[in-house]
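Colleague: can't give you the sequence, but here's the structure:
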Ligand code: PHB
C-alpha cells in the first residue's frame, strides 16, 4: 500500500473509532467470583455456563461489547472473600463482578462493592441482608433471597396438614435464614418447628442428627443443603429409613443439580423453588435445548440464574450503548428490565431482588417436576433497605 493511502486509511479508522464512546472500543471485563472447588463447585460451574450461554446466543457481544472473563475460585470461604474480590477489582480492573454462591462470601463482596462503587451482580447467594440493610444502587441479584426460597416450603408443609417439624441445615447465614423463613411460613399455616438442628458448613456428619429426628418423630423435616452436601444428606436420610415416616421438605436446592447422584433416595421429595425442570414456557424450552447442546449437560436453577445475570447485565449495557461510564443510566436500565427468564419473566423489586413465582416440585426420575405455583409473585420484604 502506498504511504498516502495508508495515512488516509488510518485517518478514516481513527475517525470511526472516535465516533464511539472510548470504553465501547475495548472488551468489557467481567470478573467471575464463584466456587470452583468444594461442596458448591458444581453450582459455580453451572452459573458460569449459564452466563456464557446467554453471551454466546447474542453472538459473543452484549450491549455491543465483546466480553473478557476473569475468574477467581472463592472456595466458598468467607475468610478469603475480601482478598479474592480485591484481585478482580484492583488487579484485573474488571468493569463488573458476577458472584457468588455462598451467603457469607457475598456479604464480604458486598461491603467491598459498596466501598469501591463496583457494579456487583449476584447470581445465587441468598443472604437476606444483601437486598436488605446492605442494598445499594450498584448491587443487583438475579437469583433469590433465602427468605423467599424457604418461606414457601413452610406454607406448603402446613397446607399438606403437617403440624410439627424439625429443621436441619448448615450453621451459617443461608442455613439460619432459610430455617427461620420455613418456621415463619409453617407457623402462618398453624405449624410448629419443634427442633432446629444444625452442623458446621460444609460438614456432612449427619448420623447423630438423623438419630435425633428419628426419636423426635416430627410430622415432617425441613432441610437446606446444596451441591455435594445435599447429595449426601438425601442419601443418608433415605438410608436411615426416614423418607416414609418423616416426609422431607426443602427449598429446591436440596434436589437441584443433584438428582443423578441422589438416584432412588430422592424419589418423591417435595421442594419449593423459583425453577423446575419442565416449566410450561417457551423461554425455558429454548434455554434447556441450548444448554444441553452446548455443554452436553442438563441445566439446573444455578445455570438459569447465571443466564439471567448475563441478561440483566445485557439490559444495562443496551441502555447505554455499552458505555459503562454512564453508570446512573445503566442502573436505571437494569432497574427497569423485564427479564425473559427460563423461570418465567420477572422484574426486580426496589431493592434489586427478583419478584418471582415459587413453584412446588416433586422429584420423579431425574427431574424436579412442576406441580403448581406455591406462592405467586413473591417479593422479599427487603427489611432495612433504604434506597
Ligand atoms: C447461600 O449460601 O446463600 C446458598 C448456597 C447454595 C444454595 C442456596 C443458597 O443452593
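Modeller: Perfect, I can see it now. Being a predicted model, the structure only gives us computed values, none of them experimental.

Colleague: mind listing the helices in the chain by residue range?
Modeller: Taking DSSP state H as the criterion, the chain carries its helices at 3-19, 41-57, 78-86, 103-116, 146-159, 173-188, 207-216, 227-239, 242-245, 259-262, 282-295, 301-318, 327-336.

Colleague: Counting by contacts, list what the last one packs against.
Modeller: Right, the one you point to is helix 327-336. Here helix 327-336 is seen to pack against helix 301-318 when contacts are counted using 3 or more CB pairs under 8 Å, 6 or more residues apart in numbering; DSSP states H and E. Every residue, glycine included, has its C-beta placed from N, CA and C.

Colleague: got the contact list for residue 367?
Modeller: When contacts are counted by CB atoms under 8 Å, 6 or more residues apart in numbering, residue 367 touches 259, 277, 278.

Colleague: ugh, wrong one, residue 121
Modeller: By CB under 8 Å, 6+ apart, the contact list for residue 121 reads 96, 97, 98, 140, 141, 142, 309, 312, 313.

Colleague: again, but for residue 136
Modeller: By CB under 8 Å, 6+ apart, the neighbours of residue 136 are 110, 113, 114, 387.

Colleague: What count of nearby residues applies to the closest residue to residue 302 other than its chain neighbours?
Modeller: The spatially closest residue to residue 302, leaving aside those adjacent along the chain, is residue 46, at 3.9 Å (CB to CB, 6 or more residues apart in numbering). The number of residues packed near residue 46 is 30, by other CB atoms under 10 Å.

Colleague: re earlier: kindly write the PyMOL command that selects the buried subset of the contacts of residue 136.
Modeller: Selecting only the buried entries of these in PyMOL, with 16 or more other CB atoms under 10 Å as the criterion:
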select buried, resi 110+113+114
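
Colleague: I'd like to know which of the contacts of residue 136 is nearest to residue 156.
Modeller: Nearest to residue 156 among the contacts of residue 136 is residue 110, at 30.4 Å by CB to CB.

Colleague: ok, the closest residue to the closest one other than its chain neighbours to residue 382 distance?
Modeller: In space, not counting the residues next to it along the chain, residue 110 is nearest to residue 134; the distance is 4.9 Å by CB to CB, 6+ apart. When distance is defined by CB to CB, to the nearest Å, residue 134 is 11 Å away from residue 382.

Colleague: do the same with residue 151
Modeller: As it turns out, when the distance is counted by CB to CB, residue 151 lies 14 Å from residue 382.

Colleague: tally of neighbours for residue 292?
Modeller: With neighbours defined by other CB under 10 Å, the count for residue 292 comes to 12.

Colleague: can you pull the contacts of the closest residue to residue 246 other than its chain neighbours?
Modeller: Closest residue to residue 246 in three dimensions, ignoring its sequence neighbours and counting by CB to CB, 6+ apart: residue 221, at 5.3 Å. Residue 221 makes contact with 165, 166, 167, 168, 213, 237, 242, 246, 247, 248, 249 under the criterion CB under 8 Å, 6+ apart.

Colleague: Can you get me a residue count around the fifth one?
Modeller: It refers to residue 213. 24.

Colleague: Run through the residues of this protein sitting next to the ligand.
Modeller: Remark: the part of the chain in contact with the ligand comprises 101, 102, 103, 124, 125, 126, 127, 146, 174, 226, 253, using CB under 6 Å from any ligand atom.

Colleague: Most neighbours among these, please name it.
Modeller: Each of the residues of the chain next to the ligand was scored by neighbours using other CB under 10 Å; the highest score is residue 102's, at 33 neighbours.

Colleague: What separation do you get for it and residue 80?
Modeller: 11 Å.

Colleague: And the residue in the stretch 251-387 of the chain that the ligand sits nearest to, what's its pLDDT?
Modeller: Closest contact between the stretch 251-387 of the chain and the ligand, by CB to the nearest ligand atom, is at residue 253 (3.4 Å). The per-residue pLDDT reported for residue 253 equals 98.

Colleague: I'd assumed residue 226 was in contact with it.
Modeller: Yes - in terms of CB atoms under 8 Å, residue 253 counts as a neighbour of residue 226; the distance is 4.1 Å.

Colleague: what number of residues lie near residue 198?
Modeller: The burial count assigned to residue 198 is 17, neighbours taken as other CB under 10 Å.

Colleague: any idea which residue sits dead centre in the chain?
Modeller: Note on the chain: the residue nearest the mean C-alpha position is residue 124, at 2.1 Å, using CA atoms, centre = their mean.
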